[in-house]
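S.K.: Below is the sequence, then the predicted model.
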Amino acid sequence: MSKAVVKFTGSIHEHSVWKLITNLDILVHMGVEQIDLIISSTGGNTRAALNVFNQLQALQRMVNITAYNSSICHSAAFTLFLGVDDRKSAKNTSFMFHQLITTFNNAVTESEIFAEAESARLTNQKYIEIITERTDIKDVEQHYKQTYFFDENEAIKNKVINEIVEHLPVDHEYSITIHGFENGNINYHQIGLD
């Protein structure tokens, strides 16, 4: 069985998720049978993470994917993590979710503010639906309005993960590391893909 490990760290944004999705597609088309997706991220763009959530849902029909929280799986990273059915965590890890935060970097019109507010409302609604459908966390909407932190023990109790592992997977034919920087840049490294 050919295996690949994909390590996704840092900030989630359009460039980092594009690189992630592209490489997952490449591995699937190479015939890799097992992909271990190791996540360590404080979050980023929730809309970009929702895109990956949907892509992961589709890819699992073609390849076995296991997601691992290696240390931190917060905010938008939690959305990405929930996109995989088989979810595990290392010990001493942290999970977190909260309502969408929107910032404006430029001058905006009133209609742009209303459009962004509606987009944020719909994104928040979708995020709550995903957490409710894919976990046993109680009072998701209430937790969502605040910032809700929990560890791997609470994650297993609430079916966020199905196992706490002693060691993260390392023995693979292919290895890819993607690190997203907050400024929108990425760092990328691969082994075994020529």
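M.R.: The structure has been received and is ready for your questions.
S.K.: The top helix by length along the chain: what's the following helix or strand?
M.R.: Looking across the chain with DSSP state H, the single longest helix is helix 110-134. Scanning forward in sequence from helix 110-134 by DSSP states H and E, the next helix or strand is helix 140-145.
S.K.: May I see the buried residues of that following helix?
M.R.: Within helix 140-145, the residues that qualify as buried are 140, 143-144, counting by 16 or more other CB atoms under 10 Å. Every C-beta, even on glycine, is put in place using the N, C-alpha and C of the backbone.
S.K.: Show me what it is packed up against.
M.R.: helix 110-134 (3 or more CB pairs under 8 Å, 6 or more residues apart in numbering; DSSP states H and E).
S.K.: From the chain's centre, how far out is the helix it packs on? Work that out for me.
M.R.: 17 Å (CA atoms, centre = their mean, to the nearest Å).
S.K.: do stretch 173-182 as well
M.R.: The answer for stretch 173-182 is 13 Å, by CA atoms, centre = their mean.
S.K.: Please work out which residues outside that stretch touch it.
M.R.: The contact list for stretch 173-182, computed with CB atoms under 8 Å, 6 or more residues apart in numbering, reads 2-13, 15-16, 19-20, 23, 27, 30, 32, 41, 44, 186-193.
S.K.: Now do the same for the residue positioned nearest the centre of the chain: helix, strand or coil?
M.R.: Centroid-nearest residue in the chain: Leu80, 2.1 Å away (criterion: CA atoms, centre = their mean). Judged by DSSP: H, G, I helix; E, B strand; the rest coil, the three-state class of Leu80 is helix.
S.K.: Enumerate every residue touching it.
M.R.: 8, 12, 17, 39, 41, 49, 52-53, 56.
S.K.: Buried residues, the helix or strand of the chain with the lowest mean pLDDT. List them.
M.R.: Sorting the helices and strands of the chain by mean pLDDT, DSSP states H and E puts strand 186-191 at the bottom, at a mean of 77. By neighbour count on 16+ other CB under 10 Å, the buried set for strand 186-191 is Ile186.
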